[in-house]
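# make a model of this:
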Amino acid sequence: MAVATENAVAYDVERIRADFPLLHASGTTSGGAKLAYLDNAATTQKPQAVLDALSGFYNQDCANIHRSVHLLGERATAHYEAARETARGFLNAASEREIIFVRGTTEAVNLVAQSFSRRTGGRPGLLGEGDEVLITGLEHHSNIVPWQLACEAAGARLQVAPINDRGEVELEGFARRLGPRTKVAAVAHISNALGTVNPVKEMIALAHAQGVPVLVDGAQAAPHLPLDVRALDCDFYALSGHKMYGPTGIGVLYGKSAWLERLPPWQGGGDMISSVTFERTTYNELPYKFEAGTPNIAATIGLGAAMRYLEGVGRGRIAAYEAELLEYGTRKLEAIPGLRLVGTAAHKAGVLSFVVEGVHPHDVGTVLDSLGIAVRAGHHCAQPVMDRFGIAATTRASIGMYNTRAELDRLAAGLARVKEMFG
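Next up is the predicted model:
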């Protein structure tokens, strides 16, 4: 995908890099070389705007939220709820009631999975004996294990739509596995292990035609693509702050109001209640019904700052720039003898996952680290994906909005060094 001329002119990557202190800090590499950070699918670096939001809360507004009557509490509450409105706009949700703050995508998926399988008032849950949950062969463990637990609790069964040799979920295979027993589908928007961009809009339409709600794992999509949950028509959408230039320990679960009203609470405690007696508890209105206890207030405010930062740069411009980097990096790596890219889908985001013949991925990563190049080596919490390709692990370079062609040149040169060292 080529970058449009206006985007190429307008996108000033060096100006963006200047906003990220750690990219220029000393002591960030084992060999002392300048850092080339290519591990963005694991976590991203944080711009100064996010760091300022975190320190600003602790230095100026630190108080608990929602029940305080003093000025600090009112300010903290205002900042926290402003972040919810930012998240609503970021996702184009219909209402702030549809934005639930969670610790991240993992907690969001667990919340939905456990709520679907939970019995309430002596009645069976929405997921019951003999029912099915449909996922795909691309999923991160965080979109597999919670559904396995839910299926075990409910007596249901997990169905998996397979992937082809390019790392793509084919719509026909997905559609074939939808049926009258399917109670929910959960699919990745973008694969963390391969970079495959799933046709989630079409998958959602296929599921809805069978009356099946869909959760989308958007952890990898949120930093790379413009998002519109109403255009997708997904029932749930989950994302993690730390993968989109925000703090760790914070994320968002979007849910259509009708579904969130229908699901029972997942955790109990402060703020998710309306009233409590020893005989009975009534639950708070949305979104607070799913936000038990004191939340990660500072990180929530920091997440709002990260979303505003991404909007300021322009998510369409980021996507176009990263697509050009991915194309460039793909050409560089394909030219290296003995290197095989794993995951060659027609529609990809910025992930270059590969194996080098005769060299273990961890050795590749260690050599690259000595050259100041940070990548990931392992199964990437996607062991079924590795099994599908008959490998134990890959080395993964993942692109962010602040990466450059020069860093991809360094990656290619570093891989040449790996081949020299290991023959």
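
# what is the burial count for the nearest residue to G372 once chain neighbours are set aside?
Counting by Cβ to Cβ, 6 or more residues apart in numbering, A33 is the residue found nearest to G372 once chain neighbours are left out, at 2.9 Å. All C-beta atoms are positioned from the backbone trio N, CA, C, and that covers glycine. The burial metric for A33, expressed as a neighbour count using other Cβ atoms under 10 Å, is 15.

# how close does A33 sit to R410?
Spatial separation of A33 from R410 under the definition Cβ to Cβ, to the nearest Å is 9 Å.

# now the common contact residues for the two.
Common contacts of A33 and R410 (Cβ atoms under 8 Å, 6 or more residues apart in numbering): 371-372.

# next, the residue nearest to G372: secondary structure please.
Each residue gets one of three states, and A33 gets coil by DSSP: H, G, I helix; E, B strand; the rest coil.

# and the closest residue in space to L23 that isn't next to it in sequence, how many residues sit next to it?
For L23, the nearest residue in space outside its immediate sequence neighbours is R17; the separation is 5.6 Å by Cβ to Cβ, 6+ apart. Around R17 sit 16 other residues, with neighbours defined as other Cβ under 10 Å.

# ok, R17 - contacts?
Contacts for R17 were tallied using Cβ under 8 Å, 6+ apart; they are 23-24, 402, 404.

# turn the residues you listed into TSV, columns for secondary structure, pLDDT and neighbour count.
Below are the contacts of R17 laid out as TSV (DSSP: H, G, I helix; E, B strand; the rest coil; pLDDT from 0 to 100; neighbours: other Cβ atoms under 10 Å):
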residue	secondary structure	pLDDT	neighbour count
L23	helix	97	19
H24	helix	94	11
Y402	coil	98	24
T404	coil	98	16
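
# return the closest of these with respect to P180.
Y402 (47.9 Å; Cβ to Cβ).

# quick one: contacts for P287?
When the contact criterion is Cβ under 8 Å, 6+ apart, the partners of P287 are 84, 96-101, 260.

# which ones among the residues you listed lie within helices?
Using DSSP state H, the subset of the contacts of P287 located in helices is 84, 260.

# what about L408, distance to I373?
When distances are taken as Cβ to Cβ, L408 and I373 turn out to be 10 Å apart.

# repeat for Y58
When distances are taken as Cβ to Cβ, Y58 and I373 turn out to be 34 Å apart.

# which of these two has more neighbours?
I373 (26 against 11).

# state the phi and psi torsions of the residue nearest to L23.
For R17, the backbone dihedrals are phi -60, psi -30 (criterion: degrees, to the nearest 10).

# OK, contacts around Q48?
Under the contact definition (Cβ under 8 Å, 6+ apart), the residues listed for Q48 are 19-21.

# report the contact partners of the closest residue in space to G195 that isn't next to it in sequence.
In space, G195 comes closest to V351 once its chain neighbours are excluded; the distance is 2.9 Å by Cβ to Cβ, 6+ apart. Contacts here follow Cβ under 8 Å, 6+ apart; on that basis V351 touches 41, 191-195, 326, 343, 396-399.

# report the contact partners of the residue sitting nearest the centre point of the chain.
Nearest to the geometric centre of the chain sits A219, at 0.8 Å (Cα atoms, centre = their mean). With contacts taken as Cβ under 8 Å, 6+ apart, A219 has the following neighbours: 104-105, 140, 142, 192, 238-240, 243, 251.

# low-confidence stretches in the protein?
Flagging of the chain using pLDDT under 70 yields the residue ranges 1-9, 121-124.

# tell me the domain boundaries of it?
For the chain, the structural domains run 5-32+314-422, 51-311, going by automatic domain parsing.

# how close does the closest residue to A188 other than its chain neighbours sit to T105?
Excluding its sequence neighbours, the residue lying closest to A188 (Cβ to Cβ, 6+ apart) is D217, at 4.6 Å. Separation of D217 from T105 (Cβ to Cβ) stands at 6 Å.

# for the contacts of V351, which one is nearest L368?
Within the contacts of V351, the smallest distance to L368 is 8.6 Å, found for A397 (Cβ to Cβ).

# what helix or strand is that closest one located in?
Here A397, judged by DSSP states H and E, is contained in strand 394-398.

# what element comes up after that strand heading to the C-terminus?
Following the chain from strand 394-398 toward its C-terminal end, the next helix or strand by DSSP H and E is helix 405-422.
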